[in-house]
Structure formats: structure tokens, C-alpha cells
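J.: What would the 3D arrangement of this be:
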Amino acid sequence: MKYFNTIIDLYSNNQFARYIGIGSLNTLVGIITYPILFYFLTPSIFSYIEILYINFFITTLFAFVTTKYFVFQSNNSFAYEYIKFIFIHILFLFINIYLLRMLVEDYLIHPVVSQISITVIIIFVGYYYNKFITFKKAV
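T.: Numbers count the residues shown, from 1 in each chain. The predicted structure is shown next:
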């Protein structure tokens, strides 16, 4: 019980620990959502890139809400922060599309494996952007 309380205290009082926890949840949602969409919507309905767009909208909204309220516990304007949040995620989307096409078409790596790998990289960059730009505390 002592160790459990220590973990809860660490999570409650440490922004980076919350980011890891919520980021893991966001990652899990992204990792699960893409394959589900991929297997249900390809090849007859959508391409793997079109599925990435659908996945982007679902996971970005989920990530914004969880990051805003649980990680950074921000009380700033929802709309203003969402614009900053969506800006970096649109940039991530374009990078993701480029890398996904390259890994799938040039290196013949399965789209699901490629997407999981790209997601892991984007998570680390996203934390620093969100910490210092999107959810920056007003002075």
C-alpha cells in the first residue's frame, strides 16, 4: 500500500508523470484506432493514408481534451489552446503522411507497424511543444 500511495502522489504532483500516463493512454487510443480503422475500411473503402486522416481527427480531439485537463490542468481558453494544439498536430500529420508513405512504399514495411513507430517519435516532440507553447502558463 505504501508504494501505491507513492505512485499516486508522484502522478498527482508531477506534470511529466501525468504526461507519461495520459500520453500512454493517448498513444494507446491512436495505436488501437488506426488498426481498427485500417482493417475495417481498407482496401475497398479507404486507402491507408485516408484512414490516417480519419484517425487523426479522432485521436487529436481525444488527446487535446486529456492533455489540457489532466496533464497541464489548464484553465486558459479552450479555443485558443485548441488552435495552437491543432497547429502542431497538423504539422505532425503532414510529417506522418510523408514518413508513412516512405516506410510503406519505399521500405515495404506494413502500414500498421509503420504507424506505430511514427507515433512513438511524435509523442516526444509533442510534449515539449505543448509544455512550452500550447499550455504555457500565463505569467
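J.: who's in contact with residue 34?
T.: Neighbouring residues of residue 34 by C-beta atoms under 8 Å, 6 or more residues apart in numbering: 51, 52, 55, 112, 115, 116. Heads up, the C-betas are built off the backbone N, CA and C, glycines and all.
J.: tell me the contacts of the fifth one?
T.: The one in question is residue 115. Counted by C-beta under 8 Å, 6+ apart, residue 115 has contacts 31, 34, 52, 96, 100.
J.: just the second one next, same as before
T.: Residues counted as contacts of residue 52 (C-beta under 8 Å, 6+ apart) are 34, 93, 96, 97, 100, 115.
J.: for the first one, same thing?
T.: The neighbours of residue 51, taking C-beta under 8 Å, 6+ apart as the test, are 34, 37, 38, 41, 42.
J.: What residues of the helix or strand hosting residue 98 count as buried?
T.: Assigned by DSSP states H and E, residue 98 belongs to helix 78-101. Within helix 78-101, the residues that qualify as buried are 81, 82, 84, 85, 88, 89, 92, 93, 96, 99, 100, counting by 16 or more other C-beta atoms under 10 Å.
J.: mind putting these in TSV, pLDDT included?
T.: Formatted as TSV, the entries for the buried residues of helix 78-101 read as follows, by pLDDT from 0 to 100:
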residue	pLDDT
81	91
82	91
84	89
85	91
88	88
89	85
92	88
93	85
96	90
99	95
100	93
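J.: Now flag whichever of those residues is closest to residue 127.
T.: Nearest to residue 127 out of the buried residues of helix 78-101 is residue 88 (C-beta to C-beta; 10.9 Å).
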